[in-house]
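> Quick one: sequence and predicted model below, then my questions.
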Amino acid sequence: MDISKDFIVYAKKTCNKTIFIKGDIRKINYNKKYDIILNLETSFGYYNDKTNKEIVKKFYNSLKSKGRIIIELINPEYIYSDFKDKLILLNQQNIKIIDHNILQNQKKYIKTLRIIILKNSTYKKIIKLRLYSKKELLEILEYVGFKKIKFYGDLSGRKYINKSNRLIVVGQK
């Protein structure tokens, strides 16, 4: 699921055996039960703590017995250790993407002004993301009922350490 039609179109081109839904994760009524829910590429944390917790509860309720959730986030410890207020994400002939970053609320949020320059057009978007620590994620998952919670430093299953750039959490219903 993604709120962006463009991301759904791209995803369908790359994974033809997967069901993709365009929608707002906060408003979806999960009627089906799933074996696994994947929340990848830091697509969690865009709302306040209460709403984020409600989203995880919806995930839990939509899983079959012993179903699993995998949430992939940026590791806040990695951000703090090498914080850059300006990042050039892409710099090619016809496209340039620049992020201007600010840490807010005692480093619990990162606010980004993303500037995308395509040929002669410039687009700007503000992104605010909650940076959840390993401890905070554990508390949320346990609160909604997940068991057998494990953490990894990347999707290949490497051990999580503070210097890991990703924070992967796996939980079972």
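In hand now; what should we look at? Numbers count the residues shown, from 1 in each chain.
> domain assignment for this protein?
5-77+132-172, 81-129 (automatic domain parsing).
> Partner strands of the lengthiest strand in the chain and their direction?
Using DSSP state E to define each element, the chain has its longest strand at strand 63-74. Taking DSSP bridges as the criterion, strand 63-74 sits next to strand 34-39 (parallel), strand 166-172 (antiparallel) in its sheet.
> Going by mean pLDDT, which of those strands comes out lowest?
Within the strands paired with strand 63-74, the stretch with the lowest mean pLDDT is strand 34-39, showing a mean of 92.
> Just checking the distance from that strand to the centre of its chain.
Put simply, strand 34-39 sits 14 Å off its chain's centre (C-alpha atoms, centre = their mean, to the nearest Å).
> Ok, stretch 51-65 next?
Mean C-alpha position of stretch 51-65 versus that of the full chain (C-alpha atoms, centre = their mean) differs by 15 Å.
> likewise stretch 17-28?
14 Å.
> Alpha carbons of it, as CSV, please.
In CSV, the C-alpha atoms belonging to stretch 17-28 read as follows (Å, rounded to 0.1, in the frame of the first residue of the first chain):
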residue,chain,number,x,y,z
LYS,A,17,2.7,-11.5,-8.1
THR,A,18,2.0,-9.1,-5.3
ILE,A,19,-1.2,-7.2,-4.5
PHE,A,20,-0.6,-3.4,-4.3
ILE,A,21,-3.2,-1.0,-2.9
LYS,A,22,-3.3,2.7,-3.3
GLY,A,23,-4.5,4.3,-0.1
ASP,A,24,-3.9,6.0,3.1
ILE,A,25,-2.7,3.5,5.7
ARG,A,26,-4.6,5.3,8.5
LYS,A,27,-8.0,4.8,6.7
ILE,A,28,-7.8,1.3,5.5
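> Go through the domains of the chain and pick out the most buried.
Burial of those is given as mean neighbour count (mean count of other C-beta atoms under 10 Å); domain 5-77+132-172 ranks first at a mean of 15. Where you see a C-beta, it was placed from the backbone N, CA and C, and this is true even at glycine.
> Any idea how far apart the tips of that one sit?
30 Å (C-alpha to C-alpha, to the nearest Å).
> what do you get for stretch 147-159?
19 Å.
> what's the distance between Gln172 and Leu89?
As judged by C-beta to C-beta, to the nearest Å, Gln172 and Leu89 stand 34 Å apart.
> With adjacent residues omitted, what lies nearest to Ser65?
Distance criterion C-beta to C-beta, 6 or more residues apart in numbering; nearest residue to Ser65, sequence neighbours excluded, is Lys173 at 6.3 Å.
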